[in-house]
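1. Below are the sequence and a predicted model for it; my questions follow.
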Amino acid sequence: MQELDDRIGARFEWMSRDELSKWQVEALRKAVEQAKKSPWYASKLKEAGVEPGDIKSLDDATRLPLTSKDDLRLSYPTGMLSVAPEEIIRMHTSSGTTGKPTAIFHTREDVDNWAELMARCLHGAGARPHDVFQNMSGYGLFTGGLGLHYGAERLGMWCIPAGAGNTARQITLIRDFHVTVIHATPSYAMHVAERMVQEGDDPRSLGIRIAALGAEPYTEEMRLKLQDLYGFKVFNSYGLSEMNGPGVAFECEEQDGMHIWEDSFLVEVINPDTLQPVKPGEVGELVMTTLRRTGMPIIRYRTRDLTRIMGDGCPCGRAHARLARFVGRSDDMLIIRGVNVFPSQIEEVLMGHKWLGGNYVIHLSTKESLDQMTVKVEIAKSEFDGSIERLRDLRTELGRQIREQVGFTVNIDIIEPGGLPASEGKATRVIDERA
Amino acid sequence: MYNEVRVFVENKPGKLSRVAELLGQAGIDILALELADEGQFGVLKILTAEPARAKEILSGAGIAAALSPVACIEIPDKPGALVTLSKAIEKAQLNVADAYGCILERGKRAVFVVKGENLDAIEAAARDAGLKPLDRLE
């Protein structure tokens, strides 16, 4: 077993700003070189007229082409693969977008680097090898399972791959194995606490020290409430499958902004309309380039997440830039139960039924701390033939098709013709009343 | 053969009143009414002497309404009269999916509304038992 410092990449973690910048120029050049081995980037780089050798400073990054989510879909399945297929040992797909998948590939080296970053995150939040870790995140194609798991193992913790759901079992495992570190979505952590309180139990009695919470945005109030309920410290986590998954950015013990690991990701903040860099400290769209991934490098990925880089150094001494809380997204993506959902996915299902009138609303609410989604859809007056069976079948079929798209169960309300407000653009399609 | 009017309604306050108001204003008499409840929504079945006009009025007001064929069997309005009809249907081994009824003239005539897979067979069975299938209601 390597020493702990090696396992978490401490030599990268504590680089000075100068050392990081120097490392990044070289790493970016290599990343472009590696990306060029994929059919997609070979053609994109040629179009942009940029050669890897043209990267001489970080300012040269802006000469590189941007990559959008759509590009990932267009290059699906393997257009961005940059190594021989036999070198790949793992793939993940983007959460909740089963209708339009995007796949990400990892070599052994990539899986290893990812585990290092994740372990670094958990270590930075105060987790240590003697801790017992319970991962309450779904495993499988979703990166929150294996991503956290490999990082926690790398750090050397006792890992419990509990997976998502089954609250009673989660509580039993935490108690029986003296779990001290958990990973969950904030809404699920709240759900567990509420369940315990309802049953006359005290979440503090669990003795959890650290909670890594992420996969969905949450407010500072939610953090404080959870910390108060459990008596643990909550650390905000940011990741996206395109940039591996969890382990991209994480809060240190200061709990003030998420350090984004700049040895592995080149960070830019751009104006989503002009695509030009914003002034330092201004809010814009986060754009990232993988600097260490070999199986599938991604250049200047538009995350659609709106944030800013916080100024001044962190008291913890790490030079890696800190991301402020996200202020929203530059598209209409929704994050429901940690899953990315686009209204267009719902719309596609609805448009496939001639009994439906086309007008719909996605209504989001909170029930027992969990996100609930109700799709309200108007029936077409002209198609109604009075059959109750057909309405019942329609509701069942819609529920099934939408669940296939988003990965969780939704409620379907069938509304009379003209019963929904006339839609004016996409924004009015979504009514978010989540707590 | 006859038609009942079927109306899609959401399970919300005021939805039933709206249908009743529209028909009332048009002078359409509702003879019988049944609601098939599916939770968040339901389908209202209306028996009236003027189903086609009722459907047009509701559709014109933007409501999802349709005509749906039913067998309307006239029976005497007296105790035990329904037995004749139900025995006839039973004898013909026919399935009834849905049924309701109302009085047309107290002490004289009632109508039994039956929905099943084979409406012609139900009407034939009623005729064999000496009952009269209606194609208009007065």
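-> Great, that's in hand.
2. Contact residues of chain B facing chain A?
-> B:6, B:8-10, B:15, B:36, B:38, B:40-41, B:43, B:59, B:62-68 (Cβ under 8 Å from any Cβ of the partner chain). In this view, the C-beta of every residue, glycine as well, is placed from N, C-alpha and C.
3. Could you chop the chain up by domain?
-> With no chain named, the answer covers chain A. Here the domain parsing of chain A from automatic domain parsing is A:4-331, A:336-432.
4. my bad, chain B
-> Structural domains assigned to chain B are B:2-69, B:70-134, following automatic domain parsing.
5. quick one: terminal-to-terminal distance for the last one?
-> End-to-end distance for domain B:70-134: 10 Å, by Cα to Cα, to the nearest Å.
6. Ok, the longest one next?
-> Domain B:2-69 has its terminal residues 6 Å apart, counting by Cα to Cα.
7. Give the buried residues for the lengthiest strand in chain B.
-> In terms of residue count, the longest strand belonging to chain B (DSSP state E) is strand B:65-76. Within strand B:65-76, the residues that qualify as buried are B:65-68, B:70-75, counting by 16 or more other Cβ atoms under 10 Å in any protein chain shown.
8. just curious, which of those residues is nearest to A:Gly151?
-> Of all those, A:Gly151 sits closest to B:Ala66, with 59.0 Å by Cβ to Cβ.
9. need the contact list for the closest one.
-> B:Ala66 makes contacts with A:384-386, B:5-6, B:55, as judged by Cβ atoms under 8 Å, 6 or more residues apart in numbering or on different chains.
10. Which among those count as buried?
-> In the contacts of B:Ala66, the ones that pass as buried (16+ other Cβ under 10 Å) are A:384, A:386, B:5-6, B:55.
11. so which pair among these is furthest apart in space?
-> A:Phe384 and B:Val5, at 11.5 Å, using Cβ to Cβ across the buried ones among the contacts of B:Ala66.
12. Show me whatever sits in contact with both of the two.
-> Shared contacts of A:Phe384 and B:Val5 (Cβ under 8 Å, 6+ apart): B:65-66.
13. what about A:Gln134, helix or strand, and which?
-> Element membership for A:Gln134 (DSSP states H and E) is strand A:132-135.
14. Need the contact partners of that strand.
-> Under the criterion Cβ under 8 Å, 6+ apart, residues A:122, A:127, A:144-145, A:148-149, A:152, A:157-163, A:170, A:173-174, A:177-183 lie in contact with strand A:132-135.
15. so where is chain A shaky, pLDDT-wise?
-> Scanning chain A for pLDDT under 70 picks out A:1, A:95-100, A:358, A:422-428.
16. Relative to A:Asn166, how far out is B:Met1?
-> 55 Å (Cβ to Cβ, to the nearest Å).
17. Next, A:Leu394: phi, psi?
-> phi -60, psi -50 (degrees, to the nearest 10).
18. Also the one 3 residues further on?
-> Here the main-chain torsion angles of A:Glu397 (degrees, to the nearest 10) amount to phi -70, psi -40.
19. now it, nearest residue through space, not along the chain?
-> A:His353 (7.7 Å; Cβ to Cβ, 6 or more residues apart in numbering or on different chains).
20. Pretty sure that neighbour sits against A:Leu391.
-> No - using Cβ atoms under 8 Å, A:His353 is not in contact with A:Leu391, being 11.5 Å away.
21. one step back: if any of the residues of chain B next to chain A are buried, put those into a PyMOL selection.
-> PyMOL command restricting the residues of chain B next to chain A to the buried ones, with burial defined by 16+ other Cβ under 10 Å:
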select buried, chain B and resi 6+8+9+10+15+40+41+43+59+63+64+65+66+67+68
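22. B:Asn118: what's it in contact with?
-> Listed by Cβ under 8 Å, 6+ apart, the contact set of B:Asn118 reads B:Leu94.
23. Recalculate using a threshold of 10 Å.
-> B:71, B:92, B:94-95, B:124-125 (Cβ atoms under 10 Å, 6 or more residues apart in numbering or on different chains).
24. Can you flag which of these belong to helices?
-> B:124-125 (DSSP state H).
25. Show me the residue at the heart of chain A, geometrically.
-> A:Leu240 (3.6 Å; Cα atoms, centre = their mean).
26. Can you pull the phi and psi angles for the residue nearest to that one when sequence neighbours are not counted?
-> Distances taken as Cβ to Cβ, 6+ apart put A:Thr303 closest to A:Leu240, at 6.2 Å, once the chain neighbours are dropped. The phi and psi torsions at A:Thr303 (degrees, to the nearest 10) take the values phi -80, psi -20.
27. thought A:Arg11 was touching A:Glu19?
-> Yes - at 9.4 Å, A:Arg11 counts as touching A:Glu19 under the criterion of Cβ atoms under 10 Å.
28. shared neighbours of these two, anything?
-> Taking Cβ under 10 Å, 6+ apart as the contact rule, A:Arg11 and A:Glu19 both touch A:Asp263.
29. ok so, going back, closest one of the contacts of B:Asn118 to chain A?
-> Taking Cβ to the nearest Cβ as the measure, chain A lies nearest B:Asn95 of these, at 14.4 Å.
30. which non-adjacent residue is nearest the closest one?
-> Counting by Cβ to Cβ, 6+ apart, the residue nearest B:Asn95 is B:Gly116, at 5.7 Å.
31. show me the residues around that neighbour that make contact.
-> The neighbours of B:Gly116, taking Cβ under 10 Å, 6+ apart as the test, are B:70-71, B:89, B:94-99, B:122.
32. Using JSON lines, please lay out those together with pLDDT and distance to A:Ser205.
-> Listed next are those as JSON lines, based on pLDDT from 0 to 100; distance: Cβ to Cβ, whole Å:
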{"residue": "B:Val70", "pLDDT": "94", "distance to A:Ser205": "64"}
{"residue": "B:Ala71", "pLDDT": "95", "distance to A:Ser205": "67"}
{"residue": "B:Ile89", "pLDDT": "89", "distance to A:Ser205": "66"}
{"residue": "B:Leu94", "pLDDT": "89", "distance to A:Ser205": "65"}
{"residue": "B:Asn95", "pLDDT": "85", "distance to A:Ser205": "59"}
{"residue": "B:Val96", "pLDDT": "86", "distance to A:Ser205": "60"}
{"residue": "B:Ala97", "pLDDT": "82", "distance to A:Ser205": "57"}
{"residue": "B:Asp98", "pLDDT": "85", "distance to A:Ser205": "56"}
{"residue": "B:Ala99", "pLDDT": "89", "distance to A:Ser205": "60"}
{"residue": "B:Ile122", "pLDDT": "93", "distance to A:Ser205": "67"}
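33. Which of these sits closest to B:Asp29?
-> B:Val70 (17.4 Å).
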